[in-house]
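Trainee: quick check, what structure comes out for this input:
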Amino acid sequence: MIAASFAGLNPVGFRPGRARATGHLITPAMSLALAGGLSTTPSAMTAKRCYYETLGVTRDADGDSIKSAFRKLAMRWHPDRNPGDPEAEERFKECSEAFSVLSDGQKRGLYDRFGHAGLNGGGGGANPFGGGFEDIFAHFGDILGDMFGRGAREGGPRRRRGSDLKVEVELDLEEAFTGVTRDVTFDRHDLCGGCKGSGARAGTRPDHCGPCNGTGRIQRQQGFFMVQTACPVCRGQGTIIKDRCGDCGGDGFQRVQRSLSVKFPAGIGDGNRLRVQGEGDSGGVGGERGDLAIHVRVRPNPTFQRDGADVYLTRDIVFTQAVLGTDLEVPTLHGAQTVSIPAGTQTGTVLRLRNRGMPRLDGVGHGDQYVTLNVAIPSTLSPAQAELMEQLRCAGL
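Mentor: Predicted coordinates:
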């Protein structure tokens, strides 16, 4: 039986507070700075520092000196070396911004003549990294990558993560009440059994991609920066398949049917989700599998209506029961229960049965059951009943 984590109503996928592409912690203050180019320090809000002063170089410094100064500062203030330090994050962003201007001949010329105002037509200098640290790493991959393992000098194609899958399962209210173990069947992509995921025909091997030298990425220079993209020849795989596998057509994957035994906890509700890690699509050779998200639907019940852990139902009583009072047996999810109807009960009266609702998902107790009473008025009467009613009316009822 597979142990699935309960995800409530939270979406499957992005983790709040963390930049997925780089793994750096994003603080609220830092998010504000990255979103609008604002600084988190009072001094920077009133006046931006001189870019030459930021990098610690003179105004006649050449490109190599500027690059060397930036490397030293980047190593000192890099977020990986200063986790959770807002000042280091701001310093790293500041020196990266300065380097992006001073390493570009055209931008540097504008800055030397007009200062920060020359970079955006007025006001302070513009933040060239509107997308945050992901953009910084993308622009400076050749400078930062060899220091922190991210850049174009990494060997081999990048490992992929398989796609997350979604499947919907319907439960009865009684199953949601007690909890149930169900077999969940779905389709997913696994590595091809014939080629073991290589995509090449059995007995052959994929060829090394020449244009990217097997890295799956190519580089092009923009000024002092090296920008890398996926190789268009091998599509980022690092290899080229000439003799394709007959089973998968060279994709390296086959669609297979998978069945899991999954336990749905007592109290699970409509719209809740369970996540089963590592049961999604394959990420390829050496890659990570995606996850399986199970969306729960609870079918409507003819007797009970549910609202969270509480349940509701309506029961009819006759005129004499309402006037004189009576004991009434009502159904609950826990079994039938007898309740006392007090004399003089009016239609719409609600009775509360404590702890007779659904179990709570946190395992602490149950909700309540609410019984709404409806005094039913007969549409027709027998002669004897009509005579008795007439007598009651004469008696003042």
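
Trainee: wouldn't D190 be in contact with G252 here?
Mentor: No. Taking contacts as Cβ atoms under 8 Å, D190 lies outside contact range of G252: 10.1 Å. (Glycine included, C-beta is placed from N, CA and C.)

Trainee: pick out whichever of those two has more residues nearby.
Mentor: Legend: neighbour count by other Cβ atoms under 10 Å for D190 and G252, higher for G252 (25 against 15).

Trainee: contact partners for that one?
Mentor: Residues near G252 by Cβ atoms under 8 Å, 6 or more residues apart in numbering: L191, C192, C195, G197, S198, G199, C245, G284, V285.

Trainee: and T338, by the same measure?
Mentor: D327, L328, E329, V330.

Trainee: partners of the second one in the sheet?
Mentor: Right, the one you point to is L328. On the basis of DSSP bridges, L328 is bridged to V339.

Trainee: and it, what does it touch?
Mentor: Shown in contact with L328 (Cβ under 8 Å, 6+ apart): R315, I317, Q321, T338, V339, S340, I341.

Trainee: could you do the third one as well?
Mentor: E329 makes contacts with A336, Q337, T338, V339, as judged by Cβ under 8 Å, 6+ apart.

Trainee: ok, so what distance separates the residue lying closest to P211 once chain neighbours are set aside from T215?
Mentor: Sequence neighbours aside, V233 is the residue nearest to P211 in space, at 4.9 Å (criterion: Cβ to Cβ, 6 or more residues apart in numbering). As defined by Cβ to Cβ, to the nearest Å, V233 lies at a distance of 12 Å from T215.

Trainee: okay, those two: which has more neighbours?
Mentor: Taking neighbours as other Cβ under 10 Å, V233 and T215 compare with T215 leading, 21 against 14.

Trainee: the more buried one and Q237 touch, don't they?
Mentor: No. Under the criterion of Cβ under 8 Å, T215 makes no contact with Q237, lying 10.2 Å away.

Trainee: ok, for V256, nearest residue in space, not its chain neighbours?
Mentor: D190 (5.0 Å).

Trainee: let me redo that: G267
Mentor: Nearest one to G267, counting by Cβ to Cβ, 6+ apart, is P359 at 4.1 Å.

Trainee: quick check: next helix or strand after the helix or strand hosting the residue nearest to V256?
Mentor: D190 is part of strand 180-191 when elements are defined by DSSP states H and E. Reading on from strand 180-191 to the C-terminus, the next helix or strand found by DSSP H and E is strand 207-208.

Trainee: elements contacting that following strand?
Mentor: Packing partners of strand 207-208 (3 or more Cβ pairs under 8 Å, 6 or more residues apart in numbering; DSSP states H and E): strand 239-240.

Trainee: give me the contacts around the strand it packs on.
Mentor: P206, D207, H208, C209, G214, V233, C234.

Trainee: what about the residue nearest to G267, how many residues nearby?
Mentor: P359: 21 neighbours (other Cβ under 10 Å).

Trainee: now do the one 4 residues further on
Mentor: The burial count assigned to G363 is 9, neighbours taken as other Cβ under 10 Å.

Trainee: distance-wise, check it relative to F304.
Mentor: 21 Å.

Trainee: again with G344
Mentor: The gap separating G344 from F304 is 27 Å, by Cβ to Cβ.

Trainee: just the strands in the stretch 51-200 of the chain please.
Mentor: 165-171, 180-191 (DSSP state E, counting those that start in this stretch).

Trainee: note down every partner strand of the shortest one and its orientation.
Mentor: Here strand 165-171 is paired, per DSSP bridges, with strand 292-298 (parallel).

Trainee: how about the CA coordinates for the partner strand, as PDB?
Mentor: Listed next in PDB are the C-alpha coordinates belonging to strand 292-298 (Å, rounded to 0.1, in the frame of the first residue of the first chain):
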ATOM      1  CA  LEU A 292       1.100  11.700  -8.900                       C
ATOM      2  CA  ALA A 293      -1.700  14.000  -7.700                       C
ATOM      3  CA  ILE A 294      -4.900  12.200  -6.700                       C
ATOM      4  CA  HIS A 295      -7.900  14.600  -6.800                       C
ATOM      5  CA  VAL A 296     -10.800  13.300  -4.600                       C
ATOM      6  CA  ARG A 297     -14.500  13.700  -5.500                       C
ATOM      7  CA  VAL A 298     -17.100  12.700  -3.000                       C
END
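
Trainee: now do that strand, average pLDDT.
Mentor: Average pLDDT, strand 292-298: 96.

Trainee: which stretches of the stretch 151-300 of the chain have low pLDDT?
Mentor: Low-confidence segments of the stretch 151-300 of the chain (pLDDT under 70): 151-159, 221-226.

Trainee: make it 90
Mentor: Residue ranges of the stretch 151-300 of the chain with pLDDT under 90: 151-161, 193-194, 196-243, 246-252, 283-287.
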